[in-house]
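Enquirer: Model the structure of this input:
(one chain, ligands or ions: 1)
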Amino acid sequence: MQTLNNKRILLGVTGGIAAYKSAELVRRLQDQGAQVRVVMTSSATEFITPMTMQALSGNPVHLDLLDTETESVMGHIELARWADLVLVAPATADFIARLAGGRGDDLLTTLCLAAECKMAIAPAMNQAMWAKAATQQNCSALQSRNIAILGPAEGLQACGETGEGRLLEVDSIVTATANLFTSGLLAGKHVVITAGPTREAIDPVRYITNHSSGKQGYALATAAIEAGARVTLVSGPTNLSPPDRVTFIPVVSAHDMLQAVIDAVPDADIFIGVAAVADYRPVSARTQKIKKSGESSSITLELTETQDIVAHVANSGKRPFTVGFAAETENLVEYAKKKREKKNLDMLIANNVADQEIGFNSDRNRTTVFWHDRILELPLMSKAAVSSRIIELVAESLGTQGR
Ligand code: PMT
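Expert: Predicted coordinates for the structure are as follows:
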């Protein structure tokens, strides 16, 4: 099993003798399924060449804020938003001080300022520099800002001294990195998630559907797994591979999805309806392909409402904590509030699908979360980051409800 499957890691390399180990780190992170992009400080390039890192990562290496070539491939703000994790390994004492000071005096510190994802550093320096009060205070400041400090390890150093300050072994960095994505927030819980579109048959060759790619629902399933839950993913047709460790139930129509959900929810603690379920389906699907009649240039398709799956779950006897999504194109707050109330949901997550940059099929989303007594706007994030945040909010809400 790959512990970093599909995770996007922005690896920052700073200028210390341990920089050569970052080449091995790229490979080990990739072995665990991560996509890796590399940013190097100018002093890092004195220790290892950008060419090596480019060849290993398979992506252009980003060196300079003002480098028009790499900026045209992926601009620095886009790069910060792309990442699920910014990992700086090795991190020198000077870089740690600049990060703690909130500086943006090179590409890497600027990216760290712009990043809204998880961050971690693996310090590497001489033992006396590591022990110095200034370095320790800088690291405490970073930890208080939720930046994880991986290591350092103890042992013989490049300078010949022995003590704490060596870069953690590459395998240990990879394990610690994978652990950053896991929590016990939903340990022991069964989470049922619907994802993707549904297809409502018109005849054997045609159907009604929508633009859902399944990305948001699959990302939530991954986040729930990482939070320690047992996950059942009921999915309409998508081009995605099911995440590792989920019980995957493929379906086609809204009716199939409802049946699969009814079978899966009796022992569920949490139900999350991310699927873009068709609200209407043809009254009856023709058994043979509809032919052009030649008599009229129009035909009428009679539609009937499908049953609302999330509302069915929310209004069932022993109901799980029930979360819905709302795809809106206008009046998001007003419509979302009404939808949450009407469907009797504990939480509703609304996104504006009129915006091409977010919602359907994009890799990012900007969502607003509604409870009966409050609203929370989340910033634009990758669908993976949105999902981790939603899982935290679901766990918090479950806690306050004492379930
Ligand atoms: O799949 P992606 O490309 O990543 O896109 C993600 C998304 C935009 C599909 C997702 O973020 C989203 O908004 N999902 C809900 C889409 C939707 O159908 O919204 P709605 O407002 O029509 O429905 C509200 C809620 O009722 C949803 O939880 C939906 O699953 C549920 N519903 C709707 C109709 C129905 N018959 N049964 C339902 O359960």
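Enquirer: where does the chain come near the ligand, residue by residue?
Expert: 194, 212-217, 254, 273-277, 279, 306, 308-310, 324-327, 339, 351, 353, 359-361 (CB under 6 Å from any ligand atom). Just so you know, the C-beta spots here come from the backbone N, C-alpha and C atoms, and that holds for glycine as well.
Enquirer: ok, of these, which come out buried?
Expert: Buried subset of the residues of the chain next to the ligand (neighbour count, 16 or more other CB atoms under 10 Å): 194, 212-217, 254, 273-277, 306, 308-310, 324-327, 339, 351, 353, 359-360.
Enquirer: For this protein, which helix or strand comes out least confident on mean pLDDT?
Expert: helix 68-73 (a mean of 74; mean pLDDT, DSSP states H and E).
Enquirer: contacts for that helix?
Expert: Residues from elsewhere that reach helix 68-73 (CB atoms under 8 Å, 6 or more residues apart in numbering): Pro60, Val61, His62, Leu63, Asp64.
Enquirer: distance of Ser183 from Leu29?
Expert: Separation of Ser183 from Leu29 (CB to CB, to the nearest Å): 20 Å.
Enquirer: ditto for Leu376
Expert: From Leu376 to Leu29 the distance is 32 Å (CB to CB).
Enquirer: Quick check: which element contains Leu11?
Expert: strand 8-13 (DSSP states H and E).
Enquirer: so what strands line up beside that strand?
Expert: Applying DSSP bridges, strand 8-13 is found paired with strand 35-40 (parallel), strand 85-91 (parallel).
Enquirer: if we can go back for a sec, which ones among the buried ones among the residues of the chain next to the ligand are found in helices?
Expert: Lys215, Gln216, Gly217, Ala254, Ile309, Val310, Lys339 (DSSP state H).
Enquirer: If I look at the second one, what pLDDT would I see?
Expert: What it means is Gln216. pLDDT for Gln216: 97.
Enquirer: wait, doesn't Val26 sit right on Gly58?
Expert: No. Using CB atoms under 8 Å, Val26 makes no contact with Gly58, being 9.1 Å away.
Enquirer: So between Ser183 and Leu29, which is more surrounded?
Expert: The neighbour comparison of Ser183 against Leu29 (other CB atoms under 10 Å) goes to Leu29, with 26 against 16.
Enquirer: Give me the phi and psi for that one.
Expert: For Leu29, the backbone dihedrals are phi -70, psi -40 (criterion: degrees, to the nearest 10).
Enquirer: my read: it touches Val174, true?
Expert: Yes. Using CB under 8 Å, Leu29 makes contact with Val174 at a distance of 6.1 Å.
Enquirer: Please enumerate the shared neighbours of these two.
Expert: Leu4.
Enquirer: gap between Glu302 and the ligand?
Expert: 18 Å (CB to the nearest ligand atom, to the nearest Å).
Enquirer: give me the number of residues near Val13?
Expert: 32.
Enquirer: Which stretches in this protein count as helices?
Expert: 21-31, 50-57, 68-73, 76-82, 93-100, 107-114, 127-131, 133-144, 170-180, 215-226, 254-264, 309-314, 332-343, 383-400.
Enquirer: Report the spatially nearest residue to Arg27, omitting neighbours in sequence.
Expert: Distance criterion CB to CB, 6 or more residues apart in numbering; nearest residue to Arg27, sequence neighbours excluded, is Leu56 at 6.1 Å.
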